[in-house]
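Student: Need coordinates for the following:
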Amino acid sequence: MNIYVLLKRTFDTEEKITISSGKINEDGAEFIINPYDEYAVEEAIQVREAHGGEVTVVSVGSEEGEKQLRTALAMGADKAVLINTEDDLEEGDQFTTSKILAEYLKDKEADLILAGNVAIDGGSGQVGPRVADLLDIPYITTITKLEIDGTNVSVVRDVEGDSEVIETSLPLLVTAQQGLNEPRYPSLPGIMKAKKKPLDELELDDLDLDEDDVEPKTKTIEVYLPPKKEAGKILEGELQDQVKELVQLLHNEAKVV
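Tutor: Numbers count the residues shown, from 1 in each chain. This next block holds a predicted model:
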């Protein structure tokens, strides 16, 4: 089975985000595999273990993404591909990434493509579905269970606190939701093997793309941190007086009543 995983490099969830010159400051920041993409990597490996084949992880971005791709290889993926856009693109969005990934995948005859449900930095959840649409294959989002029998596929997906079962067939793209599996930690032998596994680096020219082909469809106007929360206020006195004060505060200060 020919399996591909779409992987994104994101900030460590424990990192404190700072803004500098209207952009997120990356100096000294720690980066990881997008956590939802870890579920996708793990599921791809489990599918290969059950049905055979090969797992290739693919990422779009700068050369720093090699570290996260090596981590996926250490988990058990077979090959990795980094599509380096650092020298070609100043800005990009979900359309940009999807167009590049779809162009790479269009002749790969993928049976199964897995991606994370969302990226924790942007949270749009658009890239996976956009890639499937460009490749003209079915897709199912937020899956929590995947069963494959030949070319037949049964999927359980999360739907706002409930679940639904969908039956479809390969080729297929799915996006992984928390609960799909428990991603494995890279073992020491896995880390050593990852150093020798193939990691190819491509650029837009290798895909016969230029900047105009992947020009972003959206523009970021401003980046800012949420306002600091003010200290809470404790009301004192008789209950009847507290209620009156609370109503007055909600009306005059919070302006919600």
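Student: Could you pull up the residues touching the closest residue to Ile33 other than its chain neighbours?
Tutor: The spatial neighbour of Ile33 that comes closest, neighbours along the chain excluded (C-beta to C-beta, 6 or more residues apart in numbering), is Gln68 at 4.7 Å. Where you see a C-beta, it was placed from the backbone N, CA and C, and this is true even at glycine. Residues counted as contacts of Gln68 (C-beta atoms under 8 Å, 6 or more residues apart in numbering) are 7, 9, 31-33, 59.
Student: Scan these and report the most crowded one.
Tutor: Neighbour counts for these (other C-beta atoms under 10 Å) peak at Leu7, which has 29 neighbours.
Student: Go through the contacts of Gln68 and flag which are in strands.
Tutor: Among the contacts of Gln68, DSSP state E puts 9, 31-33, 59 in strands.
Student: sorry, back to before: need the worst-confidence member of the contacts of Gln68.
Tutor: When the contacts of Gln68 are sorted by pLDDT, the bottom entry is Phe31 at 89.
Student: Walk me through the domains of this structure.
Tutor: Here the domain parsing of the chain from automatic domain parsing is 2-214, 229-257.
Student: tell me the most buried of these?
Tutor: Comparing the domains of the chain by mean neighbour count (mean count of other C-beta atoms under 10 Å), domain 2-214 ranks first with a mean of 17.
Student: Start and end of that one, how far apart?
Tutor: 26 Å (C-alpha to C-alpha, to the nearest Å).
Student: Tell me the strands beside the helix or strand encompassing Leu173, with direction?
Tutor: For Leu173, the element it lies in under DSSP states H and E is strand 172-176. With DSSP bridges as the test, strand 172-176 is paired with strand 112-116 (parallel), strand 139-149 (parallel).
Student: Could you work out which of those strands reaches nearest to Thr85?
Tutor: strand 112-116 (17.9 Å; C-beta to C-beta).
Student: can you tell me the average pLDDT over the closest one?
Tutor: 97.
Student: Touching it from outside, list them.
Tutor: 1-6, 8, 34-41, 43-44, 47, 105, 127-128, 131-132, 137, 148, 170-176.
Student: quick revisit: kindly reformat the contacts of Gln68 as JSON lines containing distance to Glu164.
Tutor: As requested, the contacts of Gln68 are arranged in JSON lines below (distance: C-beta to C-beta, whole Å):
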{"residue": "Leu7", "distance to Glu164": "27"}
{"residue": "Arg9", "distance to Glu164": "32"}
{"residue": "Phe31", "distance to Glu164": "34"}
{"residue": "Ile32", "distance to Glu164": "31"}
{"residue": "Ile33", "distance to Glu164": "28"}
{"residue": "Ser59", "distance to Glu164": "30"}
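Student: what helix or strand does the residue nearest to Gly116 when sequence neighbours are not counted sit in?
Tutor: Distances taken as C-beta to C-beta, 6+ apart put Tyr36 closest to Gly116, at 2.9 Å, once the chain neighbours are dropped. In the assignment (DSSP H and E), Tyr36 maps to helix 35-51.
Student: what's that helix packed up against?
Tutor: strand 2-6, strand 54-61, helix 66-75, strand 112-116, strand 139-149, strand 172-176 (3 or more C-beta pairs under 8 Å, 6 or more residues apart in numbering; DSSP states H and E).
Student: Which one of those lies nearest to Lys196?
Tutor: That would be helix 66-75 among the helices and strands packed on helix 35-51, by C-beta to C-beta, at 9.3 Å.
Student: Starting from that closest one, tell me the next helix or strand along the chain.
Tutor: strand 79-84.
Student: now that next one, how far from the chain's geometric center?
Tutor: Centroid separation for strand 79-84 versus its chain: 16 Å, with C-alpha atoms, centre = their mean, to the nearest Å.
Student: Please consider this matter closed, and thank you.
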